[in-house]
Structures are given as C-alpha cells and as structure tokens.
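S.K.: I would like to see how this sequence folds:
(one chain, ligands or ions: 1)
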Amino acid sequence: MDKTNYNHSIKCTVRECAHHAQGDDYCALSQIMVGSSEPNPTDIKSTDCESFERA
Ligand code: SF4
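M.R.: I've put the predicted structure just below:
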C-alpha cells in the first residue's frame, strides 16, 4: 500500500500496523472503522481500531 498517503484526518501512533504511514504519526488509509470488543464501552481503552492489521 502507499505509505506516503498521510491521512491528516487520522492521527495514529500504532507503528506496528500495516496501514501506518511510517514517516509520521498518521494512518495511510482513506478511512478506518472504530468499534469496541466490549459490550458496554466505558473509556478510551474500550475502543479499538478495527482496521488494524499486523505489519
Ligand atoms: S488502521 Fe488503525 S491502527 Fe492501523 S494505522 Fe490506521 S488508524 Fe492506526
């Protein structure tokens, strides 16, 4: 994928993800899906980027 496609609307520090724009703290996808693996999300840690893929 094109890692130079910095999506300035999606900041991300998860450099272990295959979609991370490695040169800076951005996602390289045009859009992502955010969700939760918990039935009753209560804080930031309850949310997940469901577009994550292991690099
Ligand atoms: S897909 Fe999600 S985890 Fe991966 S770089 Fe984009 S925002 Fe970060």
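S.K.: Near the ligand, which residues of this protein are found?
M.R.: Listed as neighbours of the ligand in the chain under the rule Cβ under 6 Å from any ligand atom: 10, 12, 14, 17, 19, 20, 27, 29, 32, 49, 51, 52. (Each C-beta comes from the backbone N, C-alpha and C, glycine too.)
S.K.: Separate out the buried members of these.
M.R.: Among the residues of the chain next to the ligand, those classed as buried by neighbour count (16 or more other Cβ atoms under 10 Å) are 10, 12, 17, 19, 20, 27, 29, 32, 49, 51, 52.
S.K.: how deep is the residue lying closest to residue 47 once chain neighbours are set aside tucked in, by neighbour count?
M.R.: In space, not counting the residues next to it along the chain, residue 47 is nearest to residue 36; the distance is 5.4 Å by Cβ to Cβ, 6 or more residues apart in numbering. Number of residues near residue 36 (other Cβ atoms under 10 Å) recorded here: 13.
S.K.: from here on, count from 495
M.R.: In the new count, where the first residue is 495, that last one comes out as residue 530.
S.K.: which residues touch residue 530?
M.R.: With contacts taken as Cβ atoms under 8 Å, 6 or more residues apart in numbering, residue 530 has the following neighbours: 540, 541, 542.
S.K.: now do residue 503
M.R.: Residues counted as contacts of residue 503 (Cβ under 8 Å, 6+ apart): none.
S.K.: next one: the one 3 residues further on
M.R.: Residues counted as contacts of residue 506 (Cβ under 8 Å, 6+ apart) are 514, 519, 520, 521, 543.
S.K.: try it again with 10 Å
M.R.: Taking Cβ atoms under 10 Å, 6 or more residues apart in numbering as the contact definition, residue 506 lies against 513-515, 518-523, 526, 543, 545-546.
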